[in-house]
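Enquirer: generate coordinates for the sequence data below:
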Amino acid sequence: MRVLTGSRAALPAGLYARIAGYRHRVFIERLGWQLASRDNREQDQFDRQDTVYVVAQDDTDSILGCARLLPTTDAYLLGTVFPELLNGALPPCDPRVWELSRFACAEPGRRSGFKTLVDFPTSDTARLMREVMLCAQRHGAERLITVTWVGIERLLRRLGIRVSRAGPAVVHDGQHIVACWIELECRSRLASSPFRQLALHGE
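Expert: Predicted coordinates:
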């Protein structure tokens with residue numbers, strides 16, 4: 001497996017469209033999320049020119065996982081859609097804080113067996129998460145913030161990742177969701193992932 005990172009313009013031709021198709025299959029078809037989609041491609045206003053994507057592929061270039069990173073110095077999902085998760089605090093606006101969203105990983109050997117952060121303990125999903133953290137660090141991030149389910153905090157901690165809540169959980173579409181801080185480790189520890197990392201020009 002290999003991991004590519006970069007902005008839409010920096011990714012290989014056609015890869016962003018395939019990411020959008022993968023996200024449609026995961027988040028809309030499998031999970032049933034009510035998200036914007038066109039031509040079976042899921043994307044929203046946060047898929048911009050400065051958005052950074054992390055994409056895992058197999059030897060045939062099939063997408064096995066993806067994630068989206070956004071600087072909090074511009075509009076992002078938590079600050080725009082879920083500000084109530086911050087318990088009255090202002091949304092972060094800091095070049096050292098990036099938002100993680102749209103994280104998903106396919107189960108190895110099962111092309112239809114998509115995994116999201118709910119299925120986090122699998123090794124490949126954990127390895128992809130560490131690649132996401134490394135990518136964020138290369139862009140100057142010291143912390144990530146993400147919107148997720150309450151149970152994810154425990155799963156993240158089982159991986160040794162430092163996580164804390166940014167506010168109390170709220171019920172959204174029948175699920176308890178929460179904003180979580182993710183503290184980035186030193187790069188020497190994160191770099192132990194066995195993924196091949198390809199940093200593309202123009203990130």
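Enquirer: contacting residues for Glu97?
Expert: To be clear, residue 97 is Val; Glu isn't right here. Contact analysis of Val97 by CB atoms under 8 Å, 6 or more residues apart in numbering lists 72, 141-145. C-betas here are computed from N, CA, C, even on glycine.
Enquirer: just the residues you listed: which are in strands?
Expert: Filtering these for membership in strands, criterion DSSP state E, returns 143-145.
Enquirer: from the residues you listed, which single one is nearest Thr125?
Expert: The shortest gap between Thr125 and any of those belongs to Leu144, at 15.8 Å (CB to CB).
Enquirer: the residue of the chain positioned farthest from its centre: what's it in contact with?
Expert: Distance from the C-alpha centroid of the chain, by CA atoms, centre = their mean, peaks at Gly88 (24.4 Å). Gly88 sits next to Gly167 when contact means CB under 8 Å, 6+ apart.
Enquirer: what about it, which SS state?
Expert: Here Gly88 takes the coil state, with states given by DSSP: H, G, I helix; E, B strand; the rest coil.
Enquirer: regarding this protein, what is its longest helix?
Expert: Identified as the longest helix of the chain according to DSSP state H is helix 123-138.
Enquirer: what ranges does the protein have for its helices?
Expert: 15-23, 77-81, 123-138, 152-158, 187-190.
Enquirer: okay, those helices, which one's buried deepest?
Expert: Sort the helices of the chain by mean neighbour count, taking mean count of other CB atoms under 10 Å, and helix 123-138 sits at the top with a mean of 22.
Enquirer: and that one, how far out from the chain's middle?
Expert: How far helix 123-138 lies from its chain's middle: 9 Å, per CA atoms, centre = their mean, to the nearest Å.
Enquirer: what packs against it?
Expert: strand 2-6, strand 52-57, strand 63-71, strand 97-106, strand 143-149, helix 187-190, strand 196-199 (3 or more CB pairs under 8 Å, 6 or more residues apart in numbering; DSSP states H and E).
Enquirer: by mean pLDDT, show me the worst of those.
Expert: Of all the helices and strands packed on helix 123-138, mean pLDDT reaches its minimum on strand 196-199 (a mean of 44).
Enquirer: excluding its backbone neighbours, what's nearest Tyr27?
Expert: Rather than Tyr, residue 27 is Phe. Trp33 (4.6 Å; CB to CB, 6 or more residues apart in numbering).
Enquirer: surely that neighbour meets Arg23?
Expert: No: Trp33 is beyond contact range of Arg23, at 9.7 Å (criterion: CB atoms under 8 Å).
Enquirer: would you put the C-alpha positions of the longest helix of the chain in CSV?
Expert: Provided in CSV are the C-alpha atoms of helix 123-138 (Å, rounded to 0.1, in the frame of the first residue of the first chain):
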residue,chain,number,x,y,z
SER,A,123,-4.2,-1.9,11.8
ASP,A,124,-4.5,-0.4,8.3
THR,A,125,-6.9,2.2,9.5
ALA,A,126,-4.6,3.1,12.4
ARG,A,127,-1.7,3.3,10.0
LEU,A,128,-3.6,5.6,7.7
MET,A,129,-4.5,7.8,10.7
ARG,A,130,-0.8,8.2,11.5
GLU,A,131,-0.1,9.2,7.9
VAL,A,132,-2.8,11.9,8.2
MET,A,133,-1.1,13.2,11.4
LEU,A,134,2.3,13.3,9.7
CYS,A,135,0.8,15.1,6.7
ALA,A,136,-0.8,17.7,9.0
GLN,A,137,2.6,18.2,10.8
ARG,A,138,4.3,18.9,7.4
